[in-house]
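J.: here you go, sequence then predicted model.
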Amino acid sequence: MLISCTHIRIKDIIGFLRFLFYNFRSVRQLQAAPGLLQKSFHATSAFDLWTLSAWKTEKQMLEYVNNGAHLDAMKNFRSIADTYQSKVVRWEAEEFPTWDEAIQRNNECDYEYEKSPYAKLSK
């Protein structure tokens, strides 16, 4: 299965309110997404939010990520989050990871949002 772990560092209270708006819509889309095997949400602080999902295939995951409410959220990411402190990490796994495992893998990965394909979408 494909695992996707996202860390979102909210930039301020306005960003948090925007996150809530986009997150509500994205979660509704996620619940109906073909190929989704498992999902989990976590907060390590009020401004450090995490998503963890498992997918049957990368194609199905990208279909969710690049469409609908999730795409709208990505287009507005810079108004929500600190792009230098936020990142997405993906890997193949046999089992759904614990939060400790996912956060460790995320923290160990070099990632620059500004060099990612998502940066081009964001306002």
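T.: Great, that's in hand. Numbers count the residues shown, from 1 in each chain.
J.: which of the residues in the longest strand along the chain are buried?
T.: The single longest strand within the chain, with elements called by DSSP state E, is strand 36-45. For strand 36-45, the neighbour count (16 or more other C-beta atoms under 10 Å) marks 36, 39 as buried. Bear in mind the C-beta positions are built from the backbone N, C-alpha and C, glycine included.
J.: how about stretch 24-31?
T.: 26, 29-30.
J.: cool, stretch 98-111 as well?
T.: Buried, per 16+ other C-beta under 10 Å, within stretch 98-111: 102-103, 105-106.
J.: do the same with stretch 11-24
T.: By neighbour count on 16+ other C-beta under 10 Å, the buried set for stretch 11-24 is 11, 15, 18-19, 22-23.
J.: residue furthest from the geometric center of the protein?
T.: Centroid-distance maximum for the chain: residue 94 at 20.3 Å, with C-alpha atoms, centre = their mean.
J.: other residues contacting the longest helix along the chain?
T.: If you go by DSSP state H, the chain has its longest helix at helix 13-31. Applying C-beta atoms under 8 Å, 6 or more residues apart in numbering, the contact partners of helix 13-31 are 8, 10, 36, 39, 46-47, 49, 53, 64, 67-70, 72-73, 76, 79-81.
J.: and residue 40, what is it in contact with?
T.: Residue 40 is in contact with 51-53, 96, 99, counting by C-beta under 8 Å, 6+ apart.
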